[in-house]
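1. dropping a prediction and its sequence here:
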2 protein chains.
Amino acid sequence: MDGFPELTIGEVSHRAGIAASAIRYYESIGLLPEPDRLGGQRRYDEKVLGRLAFIAVARNAGFKLREIGELIEGVDGGDGMAGSMRSLSERKLPEVEAVLERTQAMKGWLEVARECGCLTPAECTLFPEPGDQAVDPAEALKIVHVDGKDCRRVPARD
Amino acid sequence: MDGFPELTIGEVSHRAGIAASAIRYYESIGLLPEPDRLGGQRRYDEKVLGRLAFIAVARNAGFKLREIGELIEGVDGGDGMAGSMRSLSERKLPEVEAVLERTQAMKGWLEVARECGCLTPAECTLFPEPGDQAVDPAEALKIVHVDGKDCRRVPARD
DNA sequence: ATTGGGGTTGAAGTGCGCTTGAAGTCAAGA
DNA sequence: TCTTGACTTCAAGCGCACTTCAACCCCAAT
């Protein structure tokens, strides 16, 4: 092995690109084990960099810290991480897909909005009035694609 | 016209699908004008439904309430909403595109994770070790696509 | 007269992932 | 010896968009 834990929290912070306060926070919520101390100060060995990378990747993948904790328990517990990975991923995928769909709709909406010359929401199909077919604002985002690019409402006399 | 403001906050809440507390909150931050009162109670006319729909759509499009406020100022101010729509949309589009990209990467990562049989992060390319080419965890999400489906790391003897 | 079901207020709480601040400790270098 | 600089703790603050709470008011029906 490569000797005693020797990294200070500052060095770990620097090498992992994560604020020291965040590292202490992770420890406080149980994402990181309590490290050895030298004169009261935390000393880490390099393994912690792997775990921090794990955390960073999982965070990027959309897991909350609590969920990452479950993942880590799965890894540290007997069965390896396969089981918890599968169930967490299955739980998470539909969420992510929903976000994806909404984000794509947002993008389309904004592209039309960028070209919008309407003076009031009333004359603009980007903003459905109560009475339009689509009342649900989440649906309203999507309508845009149907019309092509122009957002000007045909002024319907009632 | 159709007479005096007659909708209570409860009716508005029900018809707009927005909690009464949220409506009061919107008023408190200036997104809604102060309505008339009848015996101390707020009375709205139907126009407010249009504005609430406006807010809901813009929120769905990714605008923060503060930004929606700017939008509304643009509409209520002299020039119509076109100018503020354009500048806000231009500001927002790159953000949304960034979210979109990250979300797509997340989806890919999760699809591989769902099939992952690795027992530890060390043997799994889903979790890069320090020393792998990609240290940036945002990049780590994307690597997956390159490899196809399997995430098992070739056990590189050092 | 009382009950019920709305409405009103301001303040505080929620969730998430940290950051910031104050006040103190510790070891090494000038 | 004194100063620096990095570390320590615990508590509080932040941003966002609300929600919840306690305490109150008001009107209509029974």
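-> Received it, and whenever you're ready, just let me know what you need. Residues are numbered from 1 along each chain as shown, chains lettered A, B, ... in the order given.
2. which elements pack onto the biggest helix by length in chain A?
-> If you go by DSSP state H, chain A has its longest helix at helix A:82-114. Using 3 or more CB pairs under 8 Å, 6 or more residues apart in numbering or on different chains; DSSP states H and E, the elements in contact with helix A:82-114 are helix A:65-76, helix A:137-147, helix B:47-60, helix B:82-114. Where C-beta positions appear, they are placed from N, C-alpha and C, glycine not excepted.
3. and the angle for it with helix A:65-76?
-> 150 degrees (axes from the mean of the first three to the mean of the last three CA atoms, to 10 degrees).
4. what residues sit buried inside helix A:82-114?
-> Residues of helix A:82-114 classed as buried: A:82, A:84-86, A:88-89, A:92-93, A:96, A:99-100, A:102-110, A:112-113 (neighbour count, 16 or more other CB atoms under 10 Å in any protein chain shown).
5. how far off centre is that helix?
-> Here helix A:82-114 is found 10 Å from its chain centre; the criterion is CA atoms, centre = their mean, to the nearest Å.
6. now swap in stretch A:75-87 and tell me
-> On CA atoms, centre = their mean, the centre of stretch A:75-87 falls 22 Å from the chain's centre.
7. cool, stretch A:100-117 as well?
-> With CA atoms, centre = their mean, you get 20 Å for stretch A:100-117.
8. ok, stretch A:70-86 next?
-> Stretch A:70-86 sits 21 Å away from the centroid of its parent chain (CA atoms, centre = their mean).
9. and stretch A:51-60 with chain B, contact?
-> Yes - using CB under 8 Å from any CB of the partner chain, stretch A:51-60 comes into contact with chain B via A:Ala53, A:Phe54, A:Ala56, A:Val57, A:Arg59, A:Asn60.
10. residue numbers of chain A in contact with DNA strand D?
-> Within chain A, the positions adjacent to DNA strand D are A:Thr8, A:Ile9, A:Gly10, A:Glu11, A:Ser13, A:Ala20, A:Arg24, A:Gly40, A:Gln41, A:Arg42 by CB under 7 Å from any atom of the strand.
11. so where is chain A shaky, pLDDT-wise?
-> The model of chain A has pLDDT under 70 over residues A:1-5, A:130-135, A:144-148, A:155-158.
12. same thing but at 50, please
-> Counting by pLDDT under 50, chain A shows low-confidence ranges at A:1.
13. nearest to DNA strand D: which residue in it?
-> A:Gly10 (2.1 Å; CB to the nearest atom of the strand).
14. give me the nearest residue to that residue, chain neighbours excluded.
-> A:Ala20 (6.2 Å; CB to CB, 6 or more residues apart in numbering or on different chains).
15. any idea how far the one you found is from chain B?
-> From A:Ala20 across to chain B, the span is 18 Å (CB to the nearest CB, to the nearest Å).
16. just say helix, strand or coil for A:Arg42.
-> strand (DSSP: H, G, I helix; E, B strand; the rest coil).
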